[in-house]
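**Student:** could you look at this predicted model? Sequence included:
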Amino acid sequence: MEVKEEITRETDRLAGTNKAIDKEPITLRVFASNVFTLTLVDLPGLTKIPLGDQPDDIEQQVTDLVLEYISNPNSIILTVTAANTDIATTEAIKLANQADPDGARTLAVVTKLDLMDRGTDAHDVLTNQVIDVRLGIVGAVNRSQEDINNNKSIEDAVKDEMQFLHKKYPAIAHRHGTRFLGKRLQQLLLEHIKKCLPDLRLRINLLLAQYQDLVTCYGQQVDDHPKILLQTISKFATDFCSTIEGTGHSILTTELCGGSRICFIYHEVFANALIGLSALDGLSQLDILTAIRNATGTRPALFVPEVAFELLAKKQIERLLSPSLRCVNLVHEEMLKIVHSCGKVPEIDRFPRLQESITDTVTTLLKSRLPVTNNMVTNLVHIELAYINTRHPDFTDFNLVDKLLTNRIENFNQRVKRHQPEHGDDNPSSLLSSRSSLRHLAVERSPSSSGSVHSPMQSEVNLLPEVGSVTNMYGREQTDREQMEVNVIRKLIESYFNIVRKSIQDSIPKSIMHFLVNFTCSNLYSELVQKLYKNSDECKSILQESQDIANRRVEAQQMLTCLQEANQIIGEIRETYIIN
């Protein structure tokens, strides 16, 4: 009676007193020495017409609610049908077939065997001759409404049920009745558990490992704040260095990360940028000839001037500075990404202020090393500009100058011996004097106060044009000598630029590693301790845990406890527990 009254009160509280339904289940635990260990879910009956406070779509609501429970593959479906109805047309069997087409989880119960018409019985139904239910059909006789009103006990009802079954169905009475139904359900439950036991144990063990790691990551309640702070700082510094060195615990297979991205910047991005710089970009033949003439001053050059080569080579080498500084910025940005990724782990994420302080401290450290690294990179390029080493072991193309000049002198000596002086660039005057000279001299007399006096040379002076801005002194085709000089300078610039580019490509990554990457890794822990590890009050303030993390830790701990209990229960299941 007390159980019945408790169920009635909870039903009225959730669904009202006028036959309404509610999806919220009523959980009731019954402990007794004469009951089986089962979990039963009593679903509402399939209603066709709304009654009382029931909505118009009550049929659909009940159907959806029933399917939600019986579709669970770990459940056993118990269909209840009255014996005085056609079992083949019942909605309960129809829904069971819909959720369990194979019938592996469906057990049918036929009630009201004592209310069948005279001359009829349910023997064919109970022996699976009308419809075939894979797990069988169990007949039962429930208390009548009069028995309920008279408070007939369950024990008396079960005794009367067995007397009726032995009288009406003596051959099959031992396989029917309420007691047999309880044993059969418990047997099916244990068999189903035993069948699912390996997969279930595996799933529970996987979840146990996951939640154990999760609880470990969330940590315990902070008691010793200085100790926890030092441990957290040490873990961050270790993870940061491991990420750069590629020795971290988690290695991604989808994209490059950490130190591998820095390596990619050095040997792919930076190297390709330098290779893309041509030694002769922006240098035309006219620019080279102009530089040669400017390097000779007022005297025509007897040989190719070395000063012109140095000026043009330095101009091209300066172009290596911009990609070098860009390489520093790329590595700096990549290290900032590593800082943020290492700060997103649960051990640090649970302390928002600590996470922010660590990020700010490391960012400041990296920012302080950026000018030092940029200065070193700039100096490396300026060192190459400070001295053009034409005696570099790899600068073999410089011998082209001596070879070309030697060939020209030999050609000139052969012409002198044959007494065949030729006009052009190879005669002594072209080697020892300028290419052009004034053919005429003009004496221009300043006008006097008495009037203008015209000189006989006045007409010749007017033949000379005014000398303005000279940007193109070669309004003619280049001579062989000029072409030779341009080719020599171009070849020398290209050869020397390749030497310097190779040196810069090797020295810039080394400088960045020394002044930025390695310095940060070596001084990271001491810098964090110096900035964050102060007095106990400050440590307590910086280790203030977020409420969200605290709630997650409690939930994870509760889930871990439930999984441990489930694992223990599974371990206790043995073959002897199956009731025959």
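**Tutor:** Structure received.

**Student:** tally of neighbours for residue 240?
**Tutor:** 25 (other CB atoms under 10 Å). Bear in mind the C-beta positions are built from the backbone N, C-alpha and C, glycine included.

**Student:** show me what contacts it?
**Tutor:** Residue 240 makes contact with 338-339, 342, 362, 521, 524 under the criterion CB atoms under 8 Å, 6 or more residues apart in numbering.

**Student:** redo that, cut-off 7 Å
**Tutor:** 338-339, 342, 524 (CB atoms under 7 Å, 6 or more residues apart in numbering).

**Student:** tell me which element it is part of?
**Tutor:** Using DSSP states H and E, residue 240 falls within helix 225-245.

**Student:** which one of the contacts of residue 240 sits closest to residue 70?
**Tutor:** The closest of the contacts of residue 240 to residue 70 turns out to be residue 342 (CB to CB; 49.1 Å).

**Student:** what about that closest one, distance to residue 359?
**Tutor:** 9 Å (CB to CB, to the nearest Å).

**Student:** swap in residue 184?
**Tutor:** Separation of residue 184 from residue 359 (CB to CB): 63 Å.

**Student:** of these two, who's got more company?
**Tutor:** Counted by other CB under 10 Å, residue 184 and residue 359 do not tie: residue 184 has more neighbours, with 21 against 17.

**Student:** sec struct for the residue lying closest to the more buried one once chain neighbours are set aside, please.
**Tutor:** Nearest residue to residue 184, sequence neighbours excluded (CB to CB, 6 or more residues apart in numbering): residue 138, at 6.4 Å. Three-state assignment for residue 138 (DSSP: H, G, I helix; E, B strand; the rest coil): strand.

**Student:** OK, contacts around residue 138?
**Tutor:** 109, 176, 180-181, 184.

**Student:** ok, now residue 319?
**Tutor:** Residues in contact with residue 319, defined by CB under 7 Å, 6+ apart, are residue 277.

**Student:** and it, that one's in a helix?
**Tutor:** Yes. Counting by three-state DSSP, residue 319 falls inside a helix.

**Student:** what pLDDT does it get?
**Tutor:** pLDDT for residue 319: 91.

**Student:** same deal with residue 495?
**Tutor:** 87.

**Student:** equivalent analysis for residue 91, please.
**Tutor:** At residue 91, pLDDT is 83.

**Student:** show the contacting residues for it.
**Tutor:** By CB under 7 Å, 6+ apart, the contact set of residue 91 is residue 46.

**Student:** also the one 4 residues further on?
**Tutor:** With contacts defined as CB under 7 Å, 6+ apart, residue 95 is in contact with 66-67, 70.

**Student:** quick check: closest non-adjacent residue to residue 24.
**Tutor:** Nearest to residue 24 is residue 14, by CB to CB, 6+ apart, at 5.4 Å.

**Student:** could you count how many residues lie near the one you found?
**Tutor:** Residue 14 has 14 nearby residues by other CB under 10 Å.

**Student:** now the helix or strand containing residue 348: average pLDDT?
**Tutor:** Element membership of residue 348 [criterion: DSSP H and E] is helix 346-349. Helix 346-349 shows a mean pLDDT of 74.

**Student:** what about residue 515, distance to residue 231?
**Tutor:** 30 Å.

**Student:** who's more crowded, these two?
**Tutor:** Per other CB under 10 Å, whichever of residue 515 and residue 231 has more neighbours is residue 515, with 19 against 13.

**Student:** my guess is the more buried one contacts residue 371, does it?
**Tutor:** No. At 10.0 Å, residue 515 does not count as touching residue 371 under the criterion of CB atoms under 7 Å.

**Student:** returning to that earlier point: widest-spaced pair of the contacts of residue 138?
**Tutor:** 109 and 180, at 10.8 Å, using CB to CB across the contacts of residue 138.

**Student:** these two: which is more packed in?
**Tutor:** residue 109 (20 against 17).

**Student:** hmm, residue 140 and the more buried one touching each other?
**Tutor:** Yes. Residue 109 lies in contact with residue 140 (CB under 7 Å); the separation is 5.9 Å.

**Student:** overlap in contacts of the two?
**Tutor:** Shared contacts of residue 109 and residue 140, defined by CB under 7 Å, 6+ apart, comprise residue 181.

**Student:** per-residue pLDDT, residue 470?
**Tutor:** At residue 470, pLDDT is 48.

**Student:** may I see the buried residues of stretch 332-351?
**Tutor:** Residues of stretch 332-351 classed as buried under the neighbour-count rule (16 or more other CB atoms under 10 Å) are 332, 334-335, 338-339, 342-343, 347-351.

**Student:** export that stretch as CSV, just CAs?
**Tutor:** Taking Å, rounded to 0.1, in the frame of the first residue of the first chain, the C-alpha atoms of stretch 332-351 are listed here in CSV:
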residue,chain,number,x,y,z
HIS,A,332,58.9,35.1,-33.6
GLU,A,333,55.3,34.7,-34.6
GLU,A,334,55.6,31.0,-34.6
MET,A,335,57.0,31.0,-31.1
LEU,A,336,54.1,33.1,-30.0
LYS,A,337,51.8,30.4,-31.4
ILE,A,338,53.6,27.7,-29.4
VAL,A,339,53.2,29.8,-26.2
HIS,A,340,49.4,29.9,-26.7
SER,A,341,49.1,26.2,-27.6
CYS,A,342,51.2,25.2,-24.5
GLY,A,343,49.0,27.4,-22.3
LYS,A,344,45.8,25.7,-23.4
VAL,A,345,46.4,22.4,-21.5
PRO,A,346,44.0,21.6,-18.6
GLU,A,347,46.7,21.9,-15.9
ILE,A,348,47.1,25.6,-16.8
ASP,A,349,43.7,26.3,-18.3
ARG,A,350,42.1,25.7,-14.8
PHE,A,351,43.9,28.9,-13.6
